[in-house]
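> okay, predicted coordinates and the sequence, questions at the end:
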Amino acid sequence: MKTPLGIMTATLVGFIALGLTSVPTTTVQGADGKELFREYCKTCHAADSPHGEYTPMSLIQDQWTRFFERKYVRSHKDVIDEKHGGKPVTETISPEDLELIKAFSIKGAADSEHPMTCG
């Protein structure tokens, strides 16, 4: 005999499993945050871009943190990445690669010890 809690748990696990099927699973093997920033970000955010030029030193560390935690998905969910299969950017970049991009951006932020561009 199944309990209501058991049924709810099984249902929740099923929904989570279905949700994970849309999470990107491919990562760029051996790439670091700088390479990933160039690959995924620089193509739309180069100098004279209509989307604005962004390099790690474009923002301070707190701004990069806030961007990745609160604004990235909202501002990029409808951006189609033609270079990587024509999917939304938020589906193209794996969570692992996004963490590397975030770390690179924060490490090279304008208020860091070593502000960086991505070359």
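Arrived safely, thanks for sending.

> who's in contact with residue 106?
Applying Cβ atoms under 8 Å, 6 or more residues apart in numbering, we find residue 106 in contact with 56, 61, 64, 65, 112. In this view, the C-beta of every residue, glycine as well, is placed from N, C-alpha and C.

> TSV please, covering the residues you listed and showing secondary structure and pLDDT.
What follows is the contacts of residue 106, written out as TSV (DSSP: H, G, I helix; E, B strand; the rest coil; pLDDT from 0 to 100):
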residue	secondary structure	pLDDT
56	helix	97
61	helix	98
64	helix	98
65	helix	98
112	coil	96
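
> can you redo those as CSV with distance to residue 45 and neighbour count?
Listed next are those as CSV, based on distance: Cβ to Cβ, whole Å; neighbours: other Cβ atoms under 10 Å:
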residue, distance to residue 45, neighbour count
56, 11, 25
61, 18, 16
64, 13, 25
65, 18, 15
112, 19, 16
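
> can you redo these as a markdown table with distance to residue 41?
Shown next, in a markdown table, are the contacts of residue 106 (distance: Cβ to Cβ, whole Å):
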| residue | distance to residue 41 |
| --- | --- |
| 56 | 10 |
| 61 | 17 |
| 64 | 12 |
| 65 | 16 |
| 112 | 17 |
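
> the most centrally placed residue in the chain: which element?
For the chain, the residue nearest the mean C-alpha position is residue 98 (3.6 Å; Cα atoms, centre = their mean). Assessed by DSSP states H and E, residue 98 sits inside helix 95-107.

> kindly report the same for residue 36.
Going by DSSP H and E, residue 36 is in helix 33-36.
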